[in-house]
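> Please find the sequence and the predicted model below.
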Amino acid sequence: MRITFILPGFISIPMGGVKVVHEYANRLAERGHDISLVYPITTHACSSLGQIKQLIRRIYNRVTNINNELYYTPNRNVEVLVVKKAISKYIPIGDAVIAAGWQTARWVYMLPVIHGKKFYFLQHFETYFKSKNLVLKTFQLPMIKIAIAQWIIDELKNIGQTAEGPVMNAIDHREFFIDPESTDRPYDVIAVYHHMNVKGPKDLISTLKALKKQKNISAVVIASRKPIHKFPSWVRVVIRPSTELLRNLYNSSKIFLHTSHSEGWGLPVMEAMACGCVIAAYANKGVCEFLTPNKNAILADIGRKDKLVHIILDLLDNPQLMKKLKIAALIDIKTYTWNHCADKFESIINNYIQ
């Protein structure tokens, strides 16, 4: 099959949804399909305000030393195209064309049939954006929708739409695993920071400060850009670590703290699990697709920072509980593989274009 993914803009920093598309692209290409990844510089979703925001983001990227290069590099048998707009003259002729974000959904819908059957790959139900109505309108477009998670399928049903799946997400177990040489875990807590309110950055900082008041904890935070929120001086902040360094940081940490209010799935949580971290998280819909309370993680209701503090303090004082959760998490995470996800994704595409 000739399959084209249209990504949500030029991506020069780590972004989970784009990483997922690359994972699918690589595995589909390995199976003999012709795969193209298209990165449009601008998208249909860009209003005048959106273009101003893009300009501000580019300026901020320059100030914070983010290279003007694509962050992810797929396997060499995957074609990468950077185009001005996702319009017909820039898009390969094919069997399937897939919008990999609400920002490009309308562009894909408007493409002529020579580019293939039209799909919309949903990795979130992104109504937390200010442009909520614009996002909701894309869900109404008559394209074949593929969702990563059951909760997204359920949300679509509530607005009269259907989706194939769930195809789920996974991690590359060659990248994230327990390093036998890393026996010491000097950091009590590790977390991933994102500046958007829906990702809980203020909750993260408040929880770390509250923990420090009760116990002399150590913490490290991963960020894709320099944080716009101020972290205490005792928190180590690491910006855009390599995969090797990220794995090392997970292997150097006891507990992964997850304060996001909304996730499509939650890849960093899975990465941390595979590296032996115990999960203390808000019970958002995304992580609840693969976390089981009190079995492979300890969960708190969204917004309950006090509960998270209590959970983490209890875990640090209870090595046996930590060991039990860690073992269960390691067993569960091994069942999530990209090849299994690619099987489902490939089958869905194939069924519609035959």
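The structure has been received and is ready for your questions.
> Which residue of this protein lies farthest from its centroid?
Q214 (32.0 Å; CA atoms, centre = their mean).
> quick one: contacts for that one?
309, 313 (CB atoms under 8 Å, 6 or more residues apart in numbering). Using the backbone N, CA and C atoms, a C-beta is placed for each residue, glycine as well.
> quick one, phi/psi of it?
The phi and psi values for Q214, taken as degrees, to the nearest 10, are phi -100, psi -20.
> any idea of the pLDDT on it?
You'll see Q214 listed with a pLDDT of 96.
> separation between it and F139?
Applying CB to CB, to the nearest Å, the value for Q214 to F139 is 44 Å.
> sorry, back to before: and the residue farthest from the centre of the chain, how far is that from L291?
For Q214, the distance to L291 - CB to CB - is 25 Å.
> can you check H340 too?
For H340 relative to L291 (CB to CB), the value is 18 Å.
> Have a look at the two and say which one is more surrounded.
When neighbours are counted by other CB atoms under 10 Å, H340 and L291 differ, and L291 comes out ahead with 23 against 13.
> Please report how far that one lies from I148.
15 Å.
> if I pick the closest residue to R31 other than its chain neighbours, what's in contact with it?
Distances taken as CB to CB, 6 or more residues apart in numbering place E346 nearest to R31, at 6.7 Å, with adjacent residues excluded. Counting by CB under 8 Å, 6+ apart, E346 makes contact with 28, 31, 33.
> go on, V235?
Neighbours of V235 in contact, by CB under 8 Å, 6+ apart: 208, 219-221.
> Just those residues: which are in helices?
L208 (DSSP state H).
> So which of the contacts of V235 is the closest to I239?
V221 (9.6 Å; CB to CB).
> got a pLDDT number for R58?
So R58 comes in at 57 (pLDDT).
> let me redo that: H44
58.
> One more: L49?
54.
> How about I217?
So, for I217, pLDDT stands at 97.
> Tell me the secondary structure of it, please.
Following DSSP: H, G, I helix; E, B strand; the rest coil, we place I217 in the coil state.
> what's the average pLDDT for stretch 317-334?
Rounded mean pLDDT across stretch 317-334 is 97.
> which residues are contacting it?
By CB under 8 Å, 6+ apart, stretch 317-334 touches 171, 173, 178, 254, 270, 273-274, 276-279, 290, 292, 295-298, 314-316.
> Need the buried ones from those selected in PyMOL.
In PyMOL, this line selects whichever of the contacts of stretch 317-334 come out buried by 16 or more other CB atoms under 10 Å:
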select buried, resi 171+254+270+273+274+276+277+278+279+290+296+297+298+315+316
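> Which of the contacts of stretch 317-334 fall within helices?
Within these, residues falling in helices by DSSP H are 270, 273-274, 314-316.
> Return the closest of the residues you listed with respect to H194.
Closest to H194, out of all of these and judged by CB to CB, is M270, at 16.4 Å.
> Report the separation between that closest one and H33.
M270 is 25 Å from H33, by CB to CB.
> quick one: the helices in the stretch 201-350 of the chain?
Assigned by DSSP state H, counting those that start in this stretch, the helices in the stretch 201-350 of the chain fall at 201-214, 243-251, 267-274, 305-316, 319-333, 338-353.
> about what we covered before: is it possible to export the contacts of E346 to JSON lines including secondary structure?
Formatted as JSON lines, the contacts of E346 follow (three-state DSSP):
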{"residue": "L28", "secondary structure": "helix"}
{"residue": "R31", "secondary structure": "coil"}
{"residue": "H33", "secondary structure": "coil"}
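> If any of these are buried, put those into a ChimeraX selection.
In ChimeraX, a selection of the buried entries from the contacts of E346 looks like this (16+ other CB under 10 Å):
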select :28,33
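> which of the contacts of E346 lies closest to F119?
Checking the contacts of E346 against F119 with CB to CB, the nearest one is L28 at 12.8 Å.
> which residues touch the closest one?
L28 sits next to 3, 35, 342, 345-346 when contact means CB under 8 Å, 6+ apart.
> For C341, see how far away the closest residue in space to F125 that isn't next to it in sequence is.
In space, and not counting its chain neighbours, F125 is closest to E155: 4.4 Å by CB to CB, 6+ apart. E155 sits 20 Å away from C341, taking CB to CB as the criterion.
> How about G17?
14 Å.
> what do the two both touch?
With CB under 8 Å, 6+ apart, G17 and C341 have no common neighbours.
> Now the phi/psi pair for the nearest residue to I349 once chain neighbours are set aside, please.
Distance criterion CB to CB, 6+ apart; nearest residue to I349, sequence neighbours excluded, is A96 at 5.3 Å. Backbone torsions of A96, given as degrees, to the nearest 10, read phi -150, psi 140.
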